[in-house]
Structures are given as C-alpha cells and as structure tokens.
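>>> The amino acid sequence is not available; the structure is as follows:
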C-alpha cells in the first residue's frame, strides 16, 4: 500500500441474503483514496451508493453482507474485524456523518453530553479536556460553544448538521464518510455547509467520501467523482473531466436532467424508465434498457471498465472492441 | 418480471412558451399594483397565524402575512421559498385545509368565505385539487391505485356510470404517462416507483377536470432524472388540458424550467413576483439574489463571498414591523428595521417588497 | 387489559430512503417490503390472494403454526363435542372419583361426572367468551378510539375521559363487584361484562395509532377530494390498521379466557354451566387437590394451552408484519449469482 493512500477498496461486493433469494447491491467496486482527497459518489436511489458506504464503514446489518473483496484502511483489512477491533478505529481514524441529524443525534441528550459520550468511549477521561475539545470543534463549524447545552430540537436544521460534522471531527480522523448530509437542508444552508466542509478539509487534511444523489452539489468540491448505476461503477474520473466531458450515456443523461438557472431554456427529457431490479439483474449492461445509444452487444455482454484519458467508463462505446460481433 | 421495460414517454412538450417581451421603460414605483383583471384565483391580504406554546403562552406564529397573489388561466405559477417561508401554508389555505386568519381568497371572482354547504365546497374542491409532496405517504397503501381516481370521479362526476368512470380513469392515467393504463390501475402503490406514484397524484387531480392544480413540492422527493418527466407532465397539462398549476417548490431551477411566473416568498411575505425569466435575469429583491447565487450549477464557476450566508430563515413569532430579511441583508437601511416594505411594482408586472430595490439600478447584494 | 408490548407499527411500504424502485427490496435502514408476505398494516387483507398469502405466512413461521394448530384443535372441540366425547358431561351417574380407565379417559369427578366429557364440552363456553370479547372489545375500542383521534376537539376530550376512567379502575376487582351483583353470570353475561369493562386499553392504543396517522398525506388527500369524515374513518383509516386490530383481537381474547376462568373459579360464574373455569370451582370446593388432582390439572392446562395459542399467534403476526422482529437466522453462504 503506497504511503498517502488512506483507503483501498478492492473488488467489493455486498449482497442481501434473504430467504427468497440474493440481491447483489454492490458488484465488484474498486478504488483508491489518497490522504486529503475528496471523493464524490453519485447515483440515483437503488444504485448501491449508500450500501457501498455502509460496507466501507463496516456498518452493514443482516441480511446485508460483504460477500467478497476487501476494504483496506490504513493498511488493515477492515472486513472480518471484530467489533472490538473496529471500535478502536471508529471515530479516531474514520468517522461517519449520517443523512439526517435528527436520526443520528440522541434527542434526549444535549449536544455537549453526546460529545462527552463519544470522547469517554475513546478513553478521554479528563473533564477539562472534554470541555475544551467540544468547544473547539463547535467553533470549527461556526457554532457558538454555548450551544453545547442545547438539545437537538432546539437547533435549526443547518446547525444540527453542523454539530454532527463537529462530532465527526472530535478526533481529527483521517477519513470522514458522509451520506447525503445536506439533503434535508434548503439551498442556501446547503451551500454554506458545503463550503464549511471544504474549508475544514483544507484545514485539517482529512479525506472525504461524499455520497449524494445531487451531482451538481459536489461539482465544485470533489477531486474525483464516481457515478454508480445498478450496483456497479459506471464512470469514475476527475470531477471536472466527468462534468465537462461525460462519457457514459448515464452520466450524460444525469447531467442533462438538471435544468439550468442560466443559459437558454431548453426542453429536457431526463432518463426514461427506472433503475433495474437488483434481484433480477438482466444479462449485459445494466443501463441497456434505458440507454439512448444501446447496441446489440450491450444487451448480451456486460461491459468492463475501460480507460479513456484517465477516466474509467463501463461502456462499449469507449472500449472492449466497440460494437463487437453481432 | 424479467423483461426490462422500455417505457415510451410522450414526446417532451416544450415548456418554453413564447411570451410578449416586457415593456422596456421602467414604470415609476408608487402604489401597490391594482389588478383590474380578476384572474382565475386571487388573494387579498391572505394571513394565517398559528398559536404556539402551551395554554399559558400567548405567542403566535405568523406563517403567512398579507399575501396578495394572482393566478391566471392556463399558466404555471411557481411559489418558491425556503422551508418556513409559508409557501406550503398558502397552498393549504387555497385548498381549504386551513381557514385564513384574515384576508380573502377569490376564485373566479367569488370569495371562498361565501361558500356554504357541501355542494358549493365540493364544487370548489373539484375545481382546485391538490397534489402532495411525498409519493410514499400520499396514496393509501391498502388499496389499488385505482381507488383514489375512482373515488374522485364518484364524488365529483356523479353523472358517470361505473363503466364510464373506468374509461375516464384510464384516460387520465394515459394523459400523465402511466401506460398501459388498464394494467397500472390494477397495481398497488408499493409496486410503483416514486415517480409513478406522483403521476397517479396528478391523474387523480386531472380526473376532476380542474381549473387549477395546487402542486405542493411534487418532485422534491424524486430522483433528479425522474423530476424532468414529472415537470414535463405538468407542462403538458397546461398546454393540452388547459389547466393552471400553482407549483410550490424550493428549487429555483425547476421553477425556471416549467413556470411562466415566479413568486418568491420569505418568512411569510412575498418578496418578489413577476414573469420567471424577468425575475431570474433581473432579480430586484436581495433575497432572490441570494437564492440565485446559492443554486449549485456545475456549468458555472463557484461564487463564494467572503461571508457566506448560513441559510437560517427566521421563525416568525410575534414579529415587530420591518422587513423580515433585514438581519441577513447587506443593503439594509434604517427604514428596513421599522417599516414593513409593501409589494411595489418596479417594472411592468414585476414587483418586489424592498425599500432599497430600484427599477433600473443594479443592486447586487449577493454575487 | 394490560399488555407489555409496544403498539404495532403500520409499516411504510417501500421504505423512505430508496426512491424510485418499483420492486423496492431493501434499504440500509432496514425497511423491507418483501413480496409475497402481507405488509404490516398494508396490502389488501380481503380477497383470496391475500388469504393464500396469510396461509403461507402462517406455515412459514413456527410460532404461528403451533398457535394455529392449538387454536384449531380447541375450536374443533367446541364445535363437535359430541363427536369426541360420548358421555353427557352433566350426568352424575358414575361412581365417584374413579381413576383413569378406558371407559373414563380422565376418570370421574367427586360428583360422578365423566371428566373427559366435561373437559371437551367445557371448551365451547370458553371459546365463545374468547371470541365474543375479542370481537366486541375490539370493535367498541375501534369506534371510540379512532373517532376520538380523528375528530379531535371536544369529542376527543369526552371520549378520552370515558376511556381513562375505565382504564384507571382496576379491572379484576371491578369484575368481582359486578359479578357478585349478577348472582351467577352465564356465558352471555360474562361476555358483556368483560367486554364493557375491558375495551379501554385497546381504545387507547388505537387512538394513538390514529393520531400518528392523522397527518398522513393520503388522509389529507381524501379530505381535499371532498370525502366525508365518516368515510375517511371507515374506509381510509381502519383498513390500514388491520394488523393492530388483529393484535387487539388476540390480546382481548386471551385476557377474556383468563379473566372469565378466574371469575368462574371464585364462584361468580354460573356453576351450572360446564366450562373449565367452573370445573376448577367445583374441584376446589371438593378438595380435588388431595383426591382427584386431574380435576384441577386438566382444565388448568386447557386454559393455559388456549391462552398460549392466542399469545403465540399474536407474536407471530407481529413478526410477520415487522421483519425486524424475526429471530436471526444463520446466514447461509449463498452462491452469489453474478451477471455473466
């Protein structure tokens, strides 16, 4: 593992094992994450991005299970570690920010009490140290430390999300995983939170994996962007490159589905159809039923990831020999 | 079901409709706009207050204060704002789910307070139905999706026979793109996707042959790629069925895509109103400018001011007079703290409620 | 009628986090809509298709199967006692206190009656009381609880007052007092008394559930399309609470069995009716514990078994409706099929 690489995910697959059959939610995903890098993972509902995130954080609940692959964090394979071994890593080196603060924060405890809980759980005993660090992280996210006494319901939505992020910063982790932390916020609060996150990252130097369904949100903040569809990686490359020259028809369709504020008003069509049923994956490319550029080969053979100018794309239009034999 | 469905979409109608260009000369900013034309629906001084706190406290939440808006025939009006702006409350007032604390709503010239008896109210509900935000909660999970439509038809078009009701249900389902209608009607809600469920909501509204559909954030809970489909459905309802739509949203971009006119609300007041293109290209109210600057657009470079507004809209409890945006506004003057700005027509058909806004000056509060 | 378990949730079909999946499978938050099983509170309960679904659900779950078999057994006893036991249970013609024999499968009582016949015939009144109270209490609770929550205001206040008064009064002493006034309560009276004193807990539960459902969009949608209030209550709200109603029925039935037997045991029932409770009463009066212990043990076991049947079915329906409660199974390393 090269120094400077914080996370290595190799051939990770996650399945839901149920009585009626197996659903492959994440199929063979691999990527590396360098220290201080901002990786955005984008996709519609049901594409597996949240499952991937939970798999990396080792937060999967039965019937979900990692069925193959490895998640190497700072040199150690996380898959298969016991809860005790994971507890040492959790929050100190890797922390998670959930989608809805109201679901993740304890509604009957003040913010300060929850920070105290987290720190005590990791062996910080001195009250003075706890108080000081709590105030420090709150100031980092722009909240007055007197709010340590507040309960979650007394704070606005934006402030709650910020305090969640502050909690994730308590031990200055090397990796922060964020699952749609801004989806419950209005557009102005959203922008402000994104700017704050980016500032914190530049200040403290941690890596971020940011999962969202809203591509435009990460367009100005992430270094690399991964587009997921139907449980597999559709496109993966430098953010600007993916936005300026999207290669996969799904990425193109997704980008086109955002009506613009500026520029001419044009009629859009979105992407007709709906995501595949992961319990009944059709043979061939998973996007074929909805693809405007589908070829005969696409419905039979699933494409691999092909390299185009530093971007990986899973499409026969860009590799694998083109249309192939018909 | 292993065969993937290639759902055929009705061709996307162009949401861009040719509009007469606004007059170039700015009109002097004087009294509030007196609208001689009655329009399809008009409100005057619409106000809704809620009592909050326990039995002991006497605090009032001012959800909507003094809102005067107009919706014309065959047009889509977007009512945009953050949460807490009062836009959903306005929708519920118009749907007669709440009673106004003050003010009046005029539908086709007649005041809603004059509606007495079940017949009148039912007739109004048939003319002004509502589509809800949450595709998972807006349809009863116990029944097939045909249930709602058939009930609508039974209540509002009693002249139809059972067979005719069935036909009509299939017609409206087809009109919103749920095909084959006869097959989809038999499904349960949990067998449909979020986008399909929202279409069912529109179909139900359409079955009533309405004049105005109140759509309360109909696409907020849908995936981005599916939103466009619904927005196109709304545009086609306006064009082919002649229905007006009040489109409530917090997403300015979608408002631009589909709406003819745009009304921006803030903290219970109307901040700015006018034709969509006009308001978005020449926003006069600092709040509108803030909203525009905050919308993420991958094609534009990031514009971050030194002081990024945190996006904390106020809870309007027992407010003092004055502009409610004054604490976040970099252009606030003394008058803003004492006098509530009235909605003034600065340009033809383009009004803003701001003491500082001028018809021609480029007051850029937020870049 | 106390119960220690939390109110049943009406599950949200499809789950909140995953939007846009027609056959929504699972989301990491655990909300599961598994096709083929009735969703908690959702899915049409009427129709042959859902009966078949329910049948499959019952056979798949062990608790449900045991409970259903036990219940079916007792129902058979109650329906066809004459077929199973050939003696007249009332006839005091035999020798007293005989032991087990092929003629008297359980021996005879101190009064010369055939015990087996008594046990078999005794099933009917108990089951009548169980189902009578189960249905009666649930229906009354439904009408009062749901109406109070949906209509709100003064109606809610009044109905609540009524419910709370009954809730606070300790049930068993109340039953004793009423029972002693009635000088020997037969089956019908027993049903009436237990029903009228016992609906209040379920009413509370149903009221809470309705309160949580009240602001669901589909109810507002019904209001906006012009439905009358009674229609909304009966057609839009109540069918979504079927799993809660089934639970209420089973709980009320269980407690009816226990309470009625207890009342009969202390002599407040009609001693001429043959039921397990009255058997216990007569057994106690004749010091059966020393001379004929079966006289106490067998009816007692039957009461326990019937109660267990209701309780098992109750737990099973909970599990069927809410997959999160199912016992964790060992994960088989299934062969993962990959799209080749």
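Thanks, I have the structure now. Because the structure is predicted, anything quoted here is derived from the model rather than measured. Residues are numbered from 1 along each chain as shown, chains lettered A, B, ... in the order given.

>>> Need the per-residue pLDDT for the nearest residue to residue A:263 once chain neighbours are set aside.
Of all residues not flanking residue A:263 in the chain, residue B:299 sits nearest, at 7.3 Å (CB to CB, 6 or more residues apart in numbering or on different chains). C-betas here are computed from N, CA, C, even on glycine. You'll see residue B:299 listed with a pLDDT of 70.

>>> One more: residue C:25?
pLDDT for residue C:25: 31.

>>> do residue C:330 as well
pLDDT, read off for residue C:330, is 42.

>>> what helix or strand is the closest residue to residue B:129 other than its chain neighbours on?
Leaving out its chain neighbours, the residue that sits closest to residue B:129 by CB to CB, 6+ apart is residue B:205, at 4.1 Å. Under the criterion of DSSP states H and E, residue B:205 resides in helix B:194-207.

>>> Just list the residues touching the residue nearest to residue B:129, thanks.
By CB atoms under 8 Å, 6 or more residues apart in numbering or on different chains, residue B:205 lies in contact with B:129-131, B:213.

>>> The worst-scoring helix or strand of chain C on mean pLDDT: what's the following helix or strand?
Taking mean pLDDT, DSSP states H and E as the measure, the helix or strand of chain C with the lowest value is helix C:48-60, at a mean of 66. The C-terminal neighbour of helix C:48-60 among helices and strands, as given by DSSP H and E, is helix C:62-79.

>>> Number of residues surrounding residue 146?
No chain in the question, so chain A it is. 10 (other CB atoms under 10 Å in any protein chain shown).

>>> try again with chain B
21.

>>> Spatially central residue in chain A, please.
By CA atoms, centre = their mean, chain A has its centre lying nearest to residue A:211, at 2.7 Å.

>>> Equivalent analysis for chain C, please.
residue C:250 (1.2 Å).

>>> quick one: contacts for the residue lying closest to that one once chain neighbours are set aside?
If the residues on either side of it in the chain are set aside, residue C:250 comes closest to residue C:314, at 4.3 Å by CB to CB, 6+ apart. Residue C:314 sits next to C:247, C:250-251, C:254 when contact means CB under 8 Å, 6+ apart.

>>> Up against chain A, what does the stretch 201-350 of chain B have?
Proximity of the stretch 201-350 of chain B to chain A (CB under 8 Å from any CB of the partner chain) is limited to residues B:223-229, B:231-232, B:250-254, B:256-257, B:277, B:280, B:290-292, B:294-302, B:304, B:308-313.

>>> I'd like to know which of the residues you listed are buried.
The neighbour-count criterion (16 or more other CB atoms under 10 Å in any protein chain shown) marks B:223-229, B:231-232, B:250-254, B:256-257, B:277, B:280, B:290-292, B:294-298, B:304, B:308-313 among these as buried.

>>> can you tell me which of these are up against chain C?
Answer for those near chain C (CB under 8 Å from any CB): B:223, B:226.

>>> picking that back up, tell me what the helix or strand following the helix holding residue B:205 is packed against?
Downstream of helix B:194-207, the first helix or strand assigned by DSSP H and E is strand B:212-216. For strand B:212-216, the contact count by 3 or more CB pairs under 8 Å, 6 or more residues apart in numbering or on different chains; DSSP states H and E identifies helix B:87-94, strand B:130-131, helix B:194-207, strand B:244-249 as packing neighbours.

>>> Save the ones you listed as TSV, and put in distance to residue A:45 and mean pLDDT too.
TSV is the format used below for the helices and strands packed on strand B:212-216 (distance: least, CB to CB, whole Å; pLDDT from 0 to 100):
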stretch	distance to residue A:45	mean pLDDT
helix B:87-94	24	93
strand B:130-131	21	94
helix B:194-207	8	91
strand B:244-249	20	95
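
>>> Surely residue B:48 forms part of a strand?
Yes: Residue B:48 forms part of a strand when assessed by DSSP: H, G, I helix; E, B strand; the rest coil.

>>> confidence score at the residue nearest to it when sequence neighbours are not counted?
For residue B:48, ignoring the flanking residues on the chain, the nearest one in space by CB to CB, 6+ apart is residue B:64 at 4.3 Å. pLDDT for residue B:64: 93.

>>> The one 5 residues further on now?
pLDDT recorded at residue B:69 is 92.
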